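Asker: show me the folded form of this:
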Amino acid sequence: MTPSSLVIVVPVLGRPANAARVLESIEAATPQPHRVLFVATQDDRAEIRELERLGVSFLVMPWSVGGDYARKINLGYRESTEDLIFTGADDLDFRPGWLAAAKAKLRPGIGVVGTNDLGNPSVKRGVASTHSLVTRAYADSGASPGETHMIYHEGYAHQWVDDELVGVARARGAFAFARDSHVVHLHPHWGKGDYDDTYEIGAIALEPSRAVFLKRRKMWVGKRLPR
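Answerer: Alright, predicted model coming up:
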């Protein structure tokens, strides 16, 4: 049976104005049953107040660490029960039909379905995905080598988490790309958003995360991993 229940995990940090916008985008483009689960940072009071005002489901990280996207996605996954987990963000624009197009790529053995962010060149070529649909069974078995019950390896702050997720899934034959599943990344790199302090936090952690990726990639690059 094709998994049907969906949780969209949305890590947030320092952008309270984005919460209502991304929620509206999700609801307008996703008529299928789903749940949106925000994950905030403990001392980000303005963000938490906005989530409370909106009356949405949210979790709070039990510690305060800037640039903790991977940990927030993992917390949302572990604290939910839905069959499918979407690795969201608050700078996304969900387009109608995105979920149907992504689910159409699910079949036995596929654990990660990449969506088209209409920005990143590697994503548009179908060899990468910045935001993906992940089956719970795949996450439970471990999306990274040697780790179970985890979507993203937590040695990354933010960047490169998606590269490992997709790289490992491709090495396992467990990745599919849904070209018609449009979840637009409103990132300043693509001229679709403004640079802010949250992007700066990610930029500061870029090189350390890159070093983690280069060290870990030997576990899957050029290899055929078991599913």
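
Asker: when you work out contacts or count neighbours from here on, use the C-alpha atoms and nothing else.
Answerer: Will do.

Asker: show me what contacts residue 217?
Answerer: Contacts for residue 217 (CA atoms under 8 Å, 6 or more residues apart in numbering) come out as residue 164.

Asker: in the protein, what secondary structure element scores lowest on mean pLDDT?
Answerer: helix 197-204 (a mean of 66; mean pLDDT, DSSP states H and E).

Asker: what score does the residue positioned nearest the centre of the chain have for pLDDT?
Answerer: By CA atoms, centre = their mean, the chain has its centre lying nearest to residue 87, at 2.3 Å. What the model reports for residue 87 is a pLDDT of 98.

Asker: again, but for the one 4 residues further on
Answerer: You'll see residue 91 listed with a pLDDT of 95.

Asker: so who does it touch?
Answerer: Residue 91 neighbours (CA under 8 Å, 6+ apart): 18, 22, 185-187.

Asker: so can I have a markdown table of the residues you listed showing secondary structure and distance to residue 28?
Answerer: A markdown table is the format used below for these (DSSP: H, G, I helix; E, B strand; the rest coil; distance: CA to CA, whole Å):
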| residue | secondary structure | distance to residue 28 |
| --- | --- | --- |
| 18 | helix | 15 |
| 22 | helix | 10 |
| 185 | strand | 17 |
| 186 | coil | 17 |
| 187 | coil | 21 |
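
Asker: just the helices in this structure please.
Answerer: Taking DSSP state H, the helices of the chain run over residues 16-29, 45-54, 69-78, 98-103, 121-124, 136-141, 161-171, 197-204, 206-216.

Asker: just for the chain, where's the confidence low?
Answerer: The model of the chain has pLDDT under 70 over residues 1-4, 64-67, 187-203.

Asker: rerun at 80
Answerer: 1-4, 63-67, 157-158, 187-206, 227 (pLDDT under 80).

Asker: re earlier: from memory the residue nearest to the centre of the chain sits against residue 129, does it?
Answerer: No - with contact defined as CA atoms under 8 Å, residue 87 does not reach residue 129; the gap is 10.3 Å.

Asker: buried ones in stretch 28-37, by neighbour count?
Answerer: 29-30, 34-37 (16 or more other CA atoms under 10 Å).

Asker: ok, now stretch 108-115?
Answerer: Those would be 110-115, for stretch 108-115 by 16+ other CA under 10 Å.

Asker: using CSV, write out every CA atom in it.
Answerer: Extracted in CSV, the C-alpha atoms of stretch 108-115 (Å, rounded to 0.1, in the frame of the first residue of the first chain):
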residue,chain,number,x,y,z
PRO,A,108,8.9,-0.5,-3.3
GLY,A,109,12.5,0.3,-2.5
ILE,A,110,12.2,4.1,-2.9
GLY,A,111,12.7,5.9,0.4
VAL,A,112,13.5,9.4,-0.7
VAL,A,113,11.6,11.4,-3.4
GLY,A,114,13.2,14.7,-4.4
THR,A,115,11.1,17.7,-5.3
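
Asker: list of residues touching it?
Answerer: 98, 102-103, 105-106, 123, 126, 128-135, 137-139, 166, 169, 173-183, 227.

Asker: buried subset of the residues you listed?
Answerer: Buried among the contacts of stretch 108-115 by 16+ other CA under 10 Å: 98, 102-103, 105-106, 123, 128-135, 138-139, 166, 169, 173-179, 181-183, 227.

Asker: those in strands, which ones?
Answerer: Among the buried ones among the contacts of stretch 108-115, the ones falling in strands (DSSP state E) are 132-135, 175-179, 181-183.

Asker: dump the residues you listed into a markdown table; add distance to residue 214 as well.
Answerer: Converted to a markdown table, those look like this (distance: CA to CA, whole Å):
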| residue | distance to residue 214 |
| --- | --- |
| 132 | 22 |
| 133 | 24 |
| 134 | 24 |
| 135 | 26 |
| 175 | 21 |
| 176 | 23 |
| 177 | 24 |
| 178 | 27 |
| 179 | 27 |
| 181 | 29 |
| 182 | 29 |
| 183 | 27 |
